[in-house]
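Student: Okay, sequence plus prediction incoming.
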Amino acid sequence: MDFGVMLGQAYQGFVQQLHAHLAAHGYQLTGASYGYTLRALAESPLTATQLAGQLGITAQGAAKVVDEMVRHGYVERRSDPADKRAKILHLSDRGRDILATVREFHADYEKQLIARTGADQVATVRAVLAEIIAAAAGSAVDRGFRPL
């Protein structure tokens, strides 16, 4: 099997397990940008325009993601104290909760992988992935990527 296909299938399998885990905990993720948005807003509240820039999508695309996330209770829009016309996006309590659940899943997934394959193998995979990421630095792939 081609290396890129293996990477893609591994990622798809990971995401399927993550979504099943979240569903079992009462959370729903419908959009691919949810994870990126959760992590971006955990770092700092943003306007929709700033979020669009970080995600590398249009303002309209960001507005759609935000609308869905507000509807699911993960994000809140608040008035900007400096400009009452502007809205600042914040994680809601539910948004912080889902992000904590996601981070727990990531840690558990890696622990289980270490138990199955060994710490050295997982460290090697991390090193190879870091090299792939570094080689893509500055490219379109790198811009705004904030995995869940």
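Tutor: Perfect, thanks for sending it. Just so we're clear, the structure is a prediction, and the values are computed from it rather than from any experiment.
Student: ranges for the helices of the protein?
Tutor: Here the chain has its helices, by DSSP state H, at 3-24, 34-43, 48-55, 59-71, 93-117, 119-135.
Student: Just say which of those is most tucked in.
Tutor: Highest mean neighbour count of the helices of the chain: helix 34-43, a mean of 20 (counted as mean count of other C-beta atoms under 10 Å). In this view, the C-beta of every residue, glycine as well, is placed from N, C-alpha and C.
Student: could I have it exported to PDB, CA atoms only?
Tutor: Taking Å, rounded to 0.1, in the frame of the first residue of the first chain, the C-alpha atoms of helix 34-43 are listed here in PDB:
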ATOM      1  CA  TYR A  34     -14.900  21.900  14.600                       C
ATOM      2  CA  GLY A  35     -11.700  20.600  16.000                       C
ATOM      3  CA  TYR A  36      -9.600  23.400  14.600                       C
ATOM      4  CA  THR A  37     -12.200  26.000  15.800                       C
ATOM      5  CA  LEU A  38     -12.200  24.500  19.300                       C
ATOM      6  CA  ARG A  39      -8.500  24.600  19.600                       C
ATOM      7  CA  ALA A  40      -8.200  28.100  18.100                       C
ATOM      8  CA  LEU A  41     -10.800  29.600  20.500                       C
ATOM      9  CA  ALA A  42      -9.200  27.800  23.500                       C
ATOM     10  CA  GLU A  43      -6.000  29.800  22.800                       C
END
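Student: what about this structure, any weak spots by pLDDT?
Tutor: Across the chain, the ranges flagged by pLDDT under 70 are 139-148.
Student: could you redo the last one with a cut-off of 90?
Tutor: In the predicted model of the chain, residues 28-36, 55-56, 59, 80-86, 133, 136-148 satisfy pLDDT under 90.
Student: If you count residues, where's the longest strand of it?
Tutor: strand 83-91 (DSSP state E).
Student: Report the angle between that strand and helix 59-71.
Tutor: Taking axes from the mean of the first three to the mean of the last three C-alpha atoms, to 10 degrees, one finds strand 83-91 and helix 59-71 inclined to each other by 60 degrees.
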